[in-house]
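J.: My questions concern the predicted model and sequence given below.
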Amino acid sequence: MIYLLRHGQTEFNMERRIEGRFDSPLTSQGREQARAMGLKLAELIGDDDDYEIIASPQERAHQSALIVREAAGISRPVITDARLQEVDAGSWEKHHFASICARDPLVEAEPCYLAAWARHCTDGEGLDAAMERLWGWLRWAGNRNVVVVSHGVAGSLLRALYVGEEREAMLRYHSSPQDRFHRLDGGWVEEVPVG
């Protein structure tokens, strides 16, 4: 079973700026979100020492994972895996999404950020490369019991890949929330509210 969490709110999230591979610090609300997710996980997994906790090596995800681990009472150390990093948003990084939309009406017409990034961000990682990287992580995870702390777009792609969505259907997935997480089990994805 996989519990898929997004890192807590960052300064850039609060400002509605694109982070991609750039890191901005967690806000106090972001640290509280991570703690709340950890407490909810404690209810769900109890004293089960069978769970690994794996995070993207990006600071916002790693810091969130450390907070989650402590609140959940997970005894294993947090390990990092570069395959869980956020997608590289190229020249979009550090910019407000609204300013990118203002420059390109085609971006604004997309149903969500994931679709806009996949179809219009020409100097970033690219959808195919991101899918290959994340699919490799899912194959590795297999039947392990894992708590994973990743990112908005990466988390959306992980959920879509897990249930076997077609490429175009994936592009309708909205960014992973920071006030809930997802349980991936038996080919299904279930949203778990926190609080």
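T.: Perfect, thanks for sending it.
J.: CA atoms for contacts and neighbours, from now on please.
T.: Fine.
J.: Once you drop chain neighbours, what's closest to the residue nearest the centre of the chain?
T.: In the chain, the residue lying closest to the centroid (C-alpha atoms, centre = their mean) is residue 151, at 2.4 Å. Distances taken as C-alpha to C-alpha, 6 or more residues apart in numbering place residue 6 nearest to residue 151, at 4.9 Å, with adjacent residues excluded.
J.: who's in contact with the one you found?
T.: 61, 149-152, 155, 176-178, 181 (C-alpha atoms under 8 Å, 6 or more residues apart in numbering).
J.: Can you give me the distance of it to residue 88?
T.: The spacing between residue 6 and residue 88, counted by C-alpha to C-alpha, to the nearest Å, is 16 Å.
J.: and for stretch 149-160, what are the contacting residues?
T.: Here stretch 149-160 has contacts from 4-7, 53-56, 61-62, 64-65, 84-87, 114, 130-131, 134-135, 138, 170, 173-177, 184, 189, using C-alpha under 8 Å, 6+ apart.
J.: swap that for stretch 46-59, please
T.: By C-alpha under 8 Å, 6+ apart, stretch 46-59 touches 21, 23, 25, 61-62, 65, 69, 73-86, 144-151.
J.: Show me the strands in the chain, by range?
T.: Counting by DSSP state E, one finds strands in the chain at the ranges 2-6, 52-55, 78-80, 146-150, 180-185, 188-193.
J.: can you redo those strands as a markdown table with distance to residue 108 and mean pLDDT?
T.: Below are the strands of the chain laid out as a markdown table (distance: least, C-alpha to C-alpha, whole Å; pLDDT from 0 to 100):
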| stretch | distance to residue 108 | mean pLDDT |
| --- | --- | --- |
| strand 2-6 | 24 | 98 |
| strand 52-55 | 31 | 98 |
| strand 78-80 | 34 | 98 |
| strand 146-150 | 25 | 98 |
| strand 180-185 | 26 | 96 |
| strand 188-193 | 27 | 95 |
